[in-house]
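Colleague: Quick one: sequence and predicted model below, then my questions.
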Amino acid sequence: MTTEPDDDLVPVSVRLGAVVPPEDPEDWTRPLTWVAALGMLAGPIVTLGWFIFARPTSAEAVPATFLVAAAIAAGAALTGATQQGVARAWTATLGAGLFSALVVVVLGVVMAGERAVGSAPPTVAQSVAAALAGLGGTVAASIAAAGLASSRSRSARVAVPTSVGILVAIGVGLLLA
């Protein structure tokens with residue numbers, strides 16, 4: 001069987017019409033892969049622990065609301081710090097924050113347990129407030145991450161966006177409270 005020269009440039013999986021796994025799949029033994037994954041899950045992990053061990057009873061902001069917001073922003077900044085380049089750091093930070101905030105709200109809905117007419121259950125209200133505050137911090141962290149993406153110092157690429165994200169998340173949380 002002979003192939004045309006152009007066929008050599010097309011991956012085998014495309015030529016055969018079947019999905020073939022890549023030869024070098026994501027290596028989960030790399031530390032930065034785990035850092036990125038834990039960064040995206042920081043907010044949901046804190047939320048799950050909060051709702052399991054001390055479920056909120058009112059819709060008013062409590063310290064755990066600010067803790068979840070800070071975890072969303074800090075986790076997103078941590079995920080963004082694993083990337084090199086301005087666009088990748090910015091999009092990884094925003095993407096991680098959006099994913100984390102969405103999962104936090106889903107956890108609030110799932111853990112609500114009851115239906116309320118005219119008002120949201122406390123878990124939903126708390127998770128939405130924390131997600132909004134966390135997203136505010138994530139936006140600020142993504143700007144800082146993009147600004148520091150070319151820095152050779154990994155500690156600066158982690159510390160500054162994380163600090164900025166946490167401070168803005170708490171500030172937005174106070175405005176929403």
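Modeller: On my side now, so go ahead. Numbering: from 1, shown residues only.
Colleague: Helices along the chain, start to end?
Modeller: For the chain, the helices defined by DSSP state H cover 12-16, 31-53, 63-81, 86-110, 122-148, 154-176.
Colleague: and among the ones you listed, the most buried is which?
Modeller: helix 63-81 (a mean of 28; mean count of other Cβ atoms under 10 Å). C-beta coordinates here come from the backbone N, C-alpha and C atoms, glycine included.
Colleague: With mean pLDDT as added columns, please give the helices of the chain in JSON lines.
Modeller: Output for the helices of the chain, formatted as JSON lines (pLDDT from 0 to 100):
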{"stretch": "helix 12-16", "mean pLDDT": "51"}
{"stretch": "helix 31-53", "mean pLDDT": "88"}
{"stretch": "helix 63-81", "mean pLDDT": "93"}
{"stretch": "helix 86-110", "mean pLDDT": "92"}
{"stretch": "helix 122-148", "mean pLDDT": "92"}
{"stretch": "helix 154-176", "mean pLDDT": "92"}
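Colleague: Which residue is the nearest non-sequential neighbour of the most centrally placed residue in the chain?
Modeller: Against the mean C-alpha coordinate of the chain, by Cα atoms, centre = their mean, the closest residue is Ala96 at 2.6 Å. Leaving aside its chain neighbours, Ala96 sits nearest to Thr79 (3.7 Å; criterion: Cβ to Cβ, 6 or more residues apart in numbering).
Colleague: what residues are up against that neighbour?
Modeller: Thr79 makes contacts with Val35, Ala36, Gly39, Met40, Ala92, Thr93, Gly95, Ala96, as judged by Cβ atoms under 8 Å, 6 or more residues apart in numbering.
Colleague: go again using 6 Å as the cut-off
Modeller: With contact set as Cβ atoms under 6 Å, 6 or more residues apart in numbering, Thr79 has these partners: Ala36, Gly39, Met40, Ala92, Ala96.
Colleague: and what of Ile170?
Modeller: Phe66.
Colleague: again, only using 8 Å
Modeller: Counting by Cβ under 8 Å, 6+ apart, Ile170 touches Phe66, Ala69, Ala70, Ala133, Gly137.
Colleague: One more: Val124?
Modeller: For Val124, the contacting residues are Val105, Gly108, Val109, Ala112, by Cβ under 8 Å, 6+ apart.
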